[in-house]
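# Dropping the sequence and predicted coords here.
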Amino acid sequence: MLDCAECNDGIKSKENIKQFIEELIKRIDMVAHGEPIIEYLLPNEPNAGYSLMQLITTSNICAHFMENDYTAYFDIFSCKEYNIETAKEVVREYFGATKMKSTFIERQA
């Protein structure tokens, strides 16, 4: 999970978010399953912004971008391992986050 602050205007662009998810999937070596869902949610509310849902063959990637305070939240859920630092790099490249908190959870049933 990545919690990001001080992002740029890329969080307001559906096209930028689409390019981001395509690049992220490639760089962390995942396989997309279908097209991403990118919808603008909660217009005229404090939490307004785009939300992203992309199925991958090993689970899913979700994100929400909050325009009012330029924050973004990412969940990369996969049973296949990936490089967390690479994921952070891609987020910084597309959204310019200057503050980032990462939380890694290793699940085991």
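On my side now, so go ahead. Residues are numbered from 1 along each chain as shown.

# This protein: helices as residue ranges?
14-27, 84-95 (DSSP state H).

# Give me the pLDDT for A109.
Predicted confidence (pLDDT) at A109: the value is 65.

# Save the helices of the chain as JSON lines, and put in mean neighbour count and mean pLDDT too.
Bear in mind the C-beta positions are built from the backbone N, C-alpha and C, glycine included. Shown next, in JSON lines, are the helices of the chain (neighbours: other Cβ atoms under 10 Å; pLDDT from 0 to 100):
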{"stretch": "helix 14-27", "mean neighbour count": "16", "mean pLDDT": "98"}
{"stretch": "helix 84-95", "mean neighbour count": "16", "mean pLDDT": "98"}
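
# Among those helices, which comes closest to T57?
Nearest to T57 among these is helix 14-27 (10.2 Å), distances taken as Cβ to Cβ.

# Correct me if wrong: M30 contacts E81.
No. In this structure M30 lies outside contact range of E81 using Cβ atoms under 8 Å: 10.6 Å.

# out of the two, which sits in the busier spot?
Using other Cβ atoms under 10 Å as the criterion, M30 and E81 rank with M30 on top: 19 against 10.

# which residues does N47 contact?
L41, H64, M66, N68 (Cβ atoms under 8 Å, 6 or more residues apart in numbering).

# Let's see that with 7 Å instead.
M66 (Cβ atoms under 7 Å, 6 or more residues apart in numbering).

# What of L2?
Here L2 is in contact with F74, K88, V91, M100, S102 (criterion: Cβ under 7 Å, 6+ apart).

# got any ranges where the chain has weak pLDDT?
109 (pLDDT under 70).

# All the strands of it, in order from the start?
2-5, 37-41, 49-56, 59-66, 71-78, 99-102 (DSSP state E).

# surely N8 meets G96?
Yes. Between N8 and G96 there is a contact under Cβ atoms under 7 Å: 3.7 Å.

# OK, contacts around Y94?
G10, N16, F20.

# Please repeat the previous calculation with a cut-off of 8 Å.
With Cβ under 8 Å, 6+ apart, Y94 has these contacts: G10, N16, I17, Q19, F20, E23.
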